[in-house]
Structures are given as structure tokens and as C-alpha cells.
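Q: no sequence for this one, just the structure:
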């Protein structure tokens, strides 16, 4: 029986506190085949910021667990850098402690990668900036758009063109579409909390206009981010090697449209090196998508 | 129901319908005793509705008129583009599928015409037959954007895989479009197509290396490259002919180049600039000036040695950057502290050598850089050849300062009040509206 106490430091050198095992899949029981909620979705890239945050959260929860259960099966995770193609699965070896229930190892599933395989590399060091957040909220009551358009300064309403009031506030600089059913769409904010604050302000304006507005089911529907990799990109090469994800029609649009499957994000990649990422519901998806695409783009950087 | 025949008096009268008209016939003598109405009155009809066209058998027997017209149009397109008969039949069957698809059966006739063009485009792509969207566009008389929207809808609706087509694939058929054979034009203008193709492809490869091709419309670039190639194959005689004259000599169809004339002129300028940058490196010119309007005679030499010239140009540029940074460092010793701070922050983001102070740095290779508003430490200064969209950035993007909010803060009443009209304002607004309505 061996208990491997040596820690595999994560590629960034984030070593877990000594003495603790560094499980990525801490608990195994016959009933639990998959990871607990502690782990993020299969570790494909130990580079994304979201993963850093997750790891920190994990460690905190680990420590709580250590106190709860003294005997755990340690799991050594092969560094994902060793199996670049199969990052969806994890090479896991478990050390069997006596008296423990049999262990399920995750099978090595050589499935076709749904995101292109990337070798473990350093983080790109570039952070995509969020440019636009679209969110919706239900004000919970029917609204009379004519009254709103009449009594609010910042509203425009043209029923022949569009069946909603378009309202704008200065801080945070956003635009809202308010429908007579009481539903509202808020666009233009640069972060999730700004979007929430803006939506609350619109609800407050509607309240002040005399409607019993509430603030129900606030949800972020779409997030758009952009960044610059600072080198020109050979789009023709990229579309040849990643043709199942990319669509490049220079006669229609100068950028390449890359539809990443995991996470489900659409990226617009331009020859100047600028990348626009859209379709995310949470910030982490944008960061993860960029960390996935950056090594691919680096491969198409060509210096003459 | 009559029971006896008036002719022979027998009572053997049976109901024997003739073609769905009810008749009572006497069996013995065969006379018709009585018959039902041929026509029905409104009260008799239980289903008083005409059969619609699409449910009648007419639809199966004869396809709709617009579909037939569409077929002939599509076949005409195939013949213009000289597709093989297999491809033509593939196009026709695809068009039938698309026409009868629920997304397209009710669209306007113009859109159905464009749909025909999309079918041709799709089959050409599948069979690796290089046809540009711009070609189909000018044959149908629509612009790329409209064609593009219909094409995208069409591929999505019919689940067709789009394969991209490169500019080099389109090159050969494009060159053959120009009628410059020895029998068709004068001796000085004539050019065997193969020579033209070779020279043009060399020019386009060079343009691709210099980042002029990626992300751009291919057709204007092809026009520019063919024109320059034609000129360079006999520069002494052909230098004086403009692009428009060249198109007329080569009898290129006017609709194909007329709309993109401005883009062609821009691409010509860019191509000539690239050729100048390389031409300057030719050792036998010994540093003589190379100007865009006189570079065409040198194209032959440049293309023969383009790889070596590219390497030389880039190396010289990097050398220049290094020299300038060194001189800047030695002269700016009083501002060294601020410089070193800045250079540290630069080097943390970029691993390569950066000029610490580029305010006065003039790179002879891109004098245009001072016209646009690139910040002095922009990464593009390090590259000799760059996509023009990076070099010619007209407007600097200013990132608005991020608001530090939590999303759950108190919202001040005064702020919300500022968005609501006062009673006076409302009355004034209503008054003005009434006046406007009276005037209108």
C-alpha cells in the first residue's frame, strides 16, 4: 500500500498545502461515478482564470473536507500536459486504502476532441475585456407604453416601428427595451453588476411612473468580450486546419467566424489580431474560450 | 322513387347511375324513367369550398410556372459558367429541393432568382470548380451582401457543408476571362494566358506574404494583380495604359469591374508599395530610389528573387529599429528614469526589443505611420509588412473607465427624478404635439 504524498504541482506552480493530497476528484464511492461539485468540468486546460479561481475554491473546500473525513482516497491526476489530446478524460490512479469501497476510475475515453487539443502552455497573459452585456428582467406587471413615453424624459416610443419603449440612462450607460408585457431587456453595460444596477434603475423609473414594478428573474443572456493578440493572423491557414469549426468568406465578411463547442462561444477572428468573443452566459466562458484559442492563433502567427 | 315504367308498364325499375347522375331505368324496355339533377343547388352542397391549387392534382401533373422559369434561368447560368452536364443536373435538382423547401416556397421572386445563383455556387464549391461570389453576383445583378444572406439561409436550411475557396483557385479561370490572345488583340497587348497566370500567381503570393490578401475581397485584388502582371510583362509599351483601358483592351465585362473600381485602385497602390519596399533591396540599384509609379519594370527581377528580398528587407528593418533604439537610449540619458520605467512595463508585456521613446522615431519604411494615430509603443512598429487595417487605424479606441459598482447599491431618488418629466413639461409636450397635428 502506498500513499503517494508527493504533490504534482500544477503547471503554474500552485502547490497545494503540504500534507494534503491534491485531489481533483476527491471522493470515490460506487454510487458516485463522476466528479463532485467541487471540481470544475473536465480539466482541459490548467490555464484559464476561471480554473485558477476554482482551484482556490477547491482548496478551501478541501480543507473543510479534511476535517470531515480523515480517510480519503488520494487521487493523483496526471498533469494534463502529458495527454494533450485526451484532456476530456483524466488519467487517474487511486491508492487503495484498506477497507475502502472499490474505486471507479474514469475511463480513458479517446473521443474526438470537441475543442481542438492544446498542449499545456503558459497562460496568454491577455485578458479579454467585456464590451457588452445583455440581460433580461421581468417587471411583473402590465405596462402602458404610451404613458411611459409621455412621462419619462429618456424614453422613445414609435409603435409603428417597434412595439417597445426604448429608454436610456446615463450611469451606467445603457439602453433598455421595455415591453408592454412587463418584460425588459437591458443592453450596453460593461459588466454583470453594472447590468444589474442599470436594470434596477430602469425598474425604479417605471415604479416612479406609477406602475407596481418588481424585479423578478434577472438573468444575463449574452456577454461580448474583445481582445487583441498583437500579431497578424493567417486566416486562410486557420480555416483549412480547423474547418469543422471555422467559416471564412472574405467576400462576405473580413473576419473568420469560429464556433467553439466547448465552451459554446462564437469568436470573430480578424487578420489584425483582434478577437471578438460572444455568446457567453458567464464571464468564465469568455476567458476559457480565449485561452483555448490563443495557442491555436499563435500557431498561425507568421513573421515575414 | 317511380315504381312502374310509363313505356312498357313493368314494375322492374332499378336505380342505375350513369356517370354519377342518378337514373332510374326500366329493366325490360331500357327506357329511362327518371333521373336526378346533374347540378346541385347550394343547399345540397355539404362542402361548399373550392379545392385549392396546391391540393389539386394540377400540382403533381405540372410544376409551378415560377419553378419552370427558375430552371431555365439556372441552366442559363450553368451554361454561361461552362459547367459540365453532371454539374448542371446537380444544380437543377438542388434548385428544385431548395425551391420547394418551406423556407423558400413563399419568398419573393427576386429572392428565388438569387436562390438559383446560390445553388450554382454551392455545387461549384462542392465540385472544386472555382467561382467567386462576386461573379455570380454580377451575373444576377445583386451585390455580395444580399447574395451572402440568401446563401447563408440556404446552406442552413438544406444542411449543406460550406467549403471555402481560396484566391489561388479562382486565379486561373479569372485570367482566362481576359481576351488577350494573339489573335484577339494587337501584338503589343497580346499575352498567352499561361504566362499571365504564372505572373499573376507570383504577384498574389507576394501579396499574401505581405498581408494584403487576408480578409479582403478577392476580386479587386485579382484585377489589380492581373493588371500589374500584364504591365510588367512588357513595361516599355504598356506602362501608359490605365486600369480602365486595360479592362477595355481585354474586353472584361464592365459590370464585373465597374463597381469595385475604387477598391482596385487601392489594391494597386498597396501592391506597388510592397513592390517598392522589396525593390529597394535590389543590390544592383545601389540604394537608388524606387517609386510606386516606376516600379513596374523591376517586377520581373523582384519576383525572381522575392524570397531573398523579403528576408533582406525584414532584416534591414529590424536592424534599423535596433539602431534607432540604441541612439535613442544614448541621447535620452536625462530622462532615463522615466524611460526605464516605461521600458520595463513594455518589456513585461512584450518580450522583444522596444524603443523606449518613439515620439520622434521616424521609420523610413512607413512614413505613413505618422499620419495615423497609433500610440508610439504600438506593437505594429516592429513589423515591416502588416495588414493595412493595423497600420491605418484612424481612430484610437478609448476604453471608458470601469465603474466600480456592486449591483445592489442604493439608487438615489434624485437620479431617478431626473429621468421623469415634470407636469409642466408634459403639458408643454402635449400642446406641441397638438399643434404639430393641426399643421400636418
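A: Cool, got the structure. Computed from a predicted structure; not experimentally measured.

Q: Now residue A:188, what are its backbone angles?
A: Main-chain torsions, residue A:188, degrees, to the nearest 10: phi 110, psi -10.

Q: Who is the closest residue to it other than its chain neighbours paired with across the strands?
A: Nearest residue to residue A:188, sequence neighbours excluded (CB to CB, 6 or more residues apart in numbering or on different chains): residue A:174, at 4.1 Å. Every C-beta, even on glycine, is put in place using the N, C-alpha and C of the backbone. According to DSSP bridges, the residues that bridge with residue A:174 are residue A:169.

Q: residue contacts, residue A:174?
A: A:168, A:186, A:187, A:188, A:189, A:194, A:195, A:198 (CB atoms under 8 Å, 6 or more residues apart in numbering or on different chains).

Q: and those residues as TSV, adding secondary structure, pLDDT and distance to residue B:246?
A: Shown next, in TSV, are these (DSSP: H, G, I helix; E, B strand; the rest coil; pLDDT from 0 to 100; distance: CB to CB, whole Å):
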residue	secondary structure	pLDDT	distance to residue B:246
A:168	strand	95	53
A:186	strand	96	55
A:187	strand	96	50
A:188	strand	95	49
A:189	strand	94	53
A:194	helix	93	56
A:195	helix	94	56
A:198	helix	94	57
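
Q: if we take these, which one ends up nearest to chain B?
A: Closest approach between those and chain B, by CB to the nearest CB: residue A:194, at 5.7 Å.

Q: ok, and the closest non-adjacent residue to the closest one?
A: With sequence-adjacent residues excluded and distances taken as CB to CB, 6+ apart, residue A:194 is closest to residue A:172, at 4.2 Å.

Q: What of residue A:217?
A: In space, and not counting its chain neighbours, residue A:217 is closest to residue A:138: 4.9 Å by CB to CB, 6+ apart.

Q: give me every residue that touches that neighbour.
A: Residues in contact with residue A:138 (CB under 8 Å, 6+ apart) are A:182, A:183, A:184, A:214, A:216, A:217.

Q: what's the distance between it and residue A:148?
A: Residue A:138 is 16 Å from residue A:148, where distance means CB to CB, to the nearest Å.

Q: can you check residue A:266 too?
A: To residue A:148, residue A:266 is 34 Å away according to CB to CB.

Q: just residue B:380 next, same as before
A: Applying CB to CB, the value for residue B:380 to residue A:148 is 48 Å.

Q: again, but for residue B:85
A: Here residue B:85 is placed at a distance of 64 Å from residue A:148 (CB to CB).

Q: In terms of neighbours, single out the busier of these two.
A: Applying other CB atoms under 10 Å in any protein chain shown to residue B:85 and residue A:148 shows that residue A:148 carries more neighbours, namely 20 against 8.

Q: any residue of stretch B:204-217 up close to chain A?
A: Yes: using CB under 8 Å from any CB of the partner chain, stretch B:204-217 comes into contact with chain A via B:208, B:209, B:210, B:211, B:213, B:214, B:215, B:216, B:217.

Q: mind listing what's buried in that stretch?
A: Counting neighbours by 16 or more other CB atoms under 10 Å in any protein chain shown, one finds that the buried residues in stretch B:204-217 are B:204, B:206-217.
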